[in-house]
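Student: I need the structure of the sequence given here:
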Amino acid sequence: MSCKSILGIAALTCGPVLVFGAAGFILSDETTVHLTGVAQVRFDDNVNFEEKNKNSDTVFSLIPGIELDYNGGQTKGLLKVSEDFERYVDNSELHADLFSGVGELNFDSGKTKIDSRIGYHQMDQGSMTIRNVDQRVRHDLFDASVNGMWSASAKTSIGAGIMYDSTNYVGIRYADNRHVSLPVDVYYGVSPKVDVSVGYRYRTTTVNEISTDPRDYDSTDHFFNVGARGEFTPKLKGQVRVGYGMRDFDHKDPLNPTADRSTDQLSLSGALTYVYSPKTSFDFAVSNDFDNSALGISQEVFAVRTGGKFEFTPQWSANAGLSYQNTKYAQSNREDDFFVGDAGVVYAMSESVSFQASYIYRNNHSPEVPFNNNILSFGISLRY
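Tutor: Here you go, the predicted model:
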């Protein structure tokens, strides 16, 4: 599909939405269907994440989709599917057609809450650890989860769930992986708006090895934690957990059977929102956890992000953020520091049409894959 074709389709999509608004198609009293679309052009100065000899390109993206909303009182549901047509002006070998689908079903009776989700995303982008040098890094992400919350008494509630996610690389030699997580938390209300918690998360990681290294990267993680959630002040709310994290590798090293194949660390996760004013808010998130690289190698990853949202008028809004990620690799001295800065502005012409402009700067300090990257993008979002 050529760039002219993409722009033509975008124009045809915009017309009806600009005229008719965001009412959608009402199938019943509980169910509404919306047509969605995003048309975007972005300027990327380093599409292959190179340290030197950077390869820049202009990328056109068209993302038509459909959204189904269900509101049955205590039960609410959402289904979204879309197809992303990506076309590069100079690097046609990076062209891609990528499908995404997300489904959610939530139940809330007041005493019992159940949230379920399933998602599938075809991805084509490289990352700070995976370079797409002269080829696409094609991979599929799948996740499914069910989480429940039950109020045992006026002050005590219990949360539990099961989560599964997987990454599968297509046509390229990287390590597919799968995770299964089982978290359990017990909450106790210390005030009308704040709960403290004691929790435990069990997680297994299965990695399809791609090398002849005799060590097995499969592992089992344990996270024992305490935390708090709720509205800590009239302007500050969120949830934090902190505790002891341990990773046990499932098999002994054949080259050193007596070696201790476990590691531990201070683990934490948290997300807080500070509402400075009705039109200005700030978010803060932090985590310290185990992970695996695209080659299957165990990692310890610390990440922190802060950002703000600003509403100037009912039509104009903006956002900005900074994030930092430190990654330590097991069985080596490699350590990566990844910085991201982003800013964007949105003009909402109506409930169904909005225009966006954004800028992203990325810098990876790494002994293996150092790079920096600038992306400037302009787009329009539609919802009928």
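
Student: point out where the stretch 201-350 of the chain drops to low pLDDT.
Tutor: 210-216, 252-260 (pLDDT under 70).

Student: show me where it has strands.
Tutor: 219-231, 236-249, 262-277, 280-292, 298-311, 316-329, 335-348 (DSSP state E, counting those that start in this stretch).

Student: so what's the closest residue to residue 191 other than its chain neighbours up against?
Tutor: The shortest distance from residue 191 to any non-neighbouring residue, by C-beta to C-beta, 6 or more residues apart in numbering, is to residue 230 (7.8 Å). (Glycine included, C-beta is placed from N, CA and C.) By C-beta atoms under 8 Å, 6 or more residues apart in numbering, the contact set of residue 230 is 191, 193, 194, 195, 237, 239.

Student: tell me what residue 230 is bridged to.
Tutor: Counting by DSSP bridges, residue 230 forms beta bridges with residue 194, residue 238.

Student: kindly report the same for residue 307.
Tutor: Beta bridges link residue 307 to residue 283, residue 321, judged by DSSP bridges.

Student: residue 40 contacts residue 375, doesn't it?
Tutor: No. Between residue 40 and residue 375 there is no contact under C-beta atoms under 8 Å: 10.9 Å.

Student: measure the residue nearest to residue 191 to residue 197 for me?
Tutor: Distance, residue 230 to residue 197, by C-beta to C-beta, to the nearest Å: 10 Å.

Student: likewise for residue 331?
Tutor: With C-beta to C-beta as the criterion, residue 331 and residue 197 are 34 Å apart.

Student: pretty sure residue 93 sits in a strand.
Tutor: No. Judged by DSSP: H, G, I helix; E, B strand; the rest coil, residue 93 forms no part of a strand; its state is helix.

Student: residue 154 should be in a strand, yeah?
Tutor: No. Assigned with three-state DSSP, residue 154 falls outside any strand and is coil.

Student: who's in contact with it?
Tutor: By C-beta under 8 Å, 6+ apart, residue 154 lies in contact with residue 189.

Student: who's residue 59 bridged to?
Tutor: For residue 59, the beta-bridge partners are residue 42, residue 88 (DSSP bridges).

Student: the more surrounded of residue 331 and residue 197?
Tutor: For residue 331 versus residue 197, neighbours defined as other C-beta atoms under 10 Å are more numerous around residue 197 (18 against 11).

Student: now the more buried one: how far from residue 241?
Tutor: Taking C-beta to C-beta, one finds residue 197 at 7 Å from residue 241.

Student: quick check: neighbours shared by those two?
Tutor: 225, 226, 227.

Student: for the nearest residue to the first one once chain neighbours are set aside, what are its contacts?
Tutor: Okay, so that is residue 225. What sits nearest to residue 225 in space, not counting adjacent residues and going by C-beta to C-beta, 6+ apart, is residue 243, at 3.1 Å. Contacts for residue 243 (C-beta under 8 Å, 6+ apart) come out as 199, 223, 224, 225, 226, 227, 266, 267, 268.

Student: I'd say the first one and residue 239 touch.
Tutor: This means residue 199. No. Look at residue 199 against residue 239 with C-beta under 8 Å: they stay out of range, at 10.8 Å.

Student: more neighbours, the two?
Tutor: residue 199 (18 against 15).

Student: which residue packs closest to residue 177, ignoring adjacent ones?
Tutor: For residue 177, the spatially nearest residue (C-beta to C-beta, 6+ apart) is residue 207, at 4.9 Å.

Student: repeat for residue 144
Tutor: residue 118 (4.6 Å).

Student: now that neighbour: how far from residue 78?
Tutor: Distance, residue 118 to residue 78, by C-beta to C-beta: 11 Å.

Student: give the residues shared as contacts by those two.
Tutor: What both residue 118 and residue 78 touch, as defined by C-beta under 8 Å, 6+ apart, is the set 102, 103.

Student: buried residues in stretch 78-98, which are they?
Tutor: Residues of stretch 78-98 classed as buried by neighbour count (16 or more other C-beta atoms under 10 Å): 79-82, 84-88, 91, 94, 96, 98.

Student: re the thing from before, and the shared contacts of residue 197 and residue 241, which are buried?
Tutor: Buried by 16+ other C-beta under 10 Å: 225, 227, out of the shared contacts of residue 197 and residue 241.

Student: can you put the shared contacts of residue 197 and residue 241 in CSV and add distance to residue 382?
Tutor: Output for the shared contacts of residue 197 and residue 241, formatted as CSV (distance: C-beta to C-beta, whole Å):
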residue, distance to residue 382
225, 43
226, 46
227, 40
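
Student: and the shared contacts of residue 197 and residue 241, which is closest to residue 138?
Tutor: Proximity of the shared contacts of residue 197 and residue 241 to residue 138 was ranked by C-beta to C-beta; the top entry is residue 225 with 36.0 Å.
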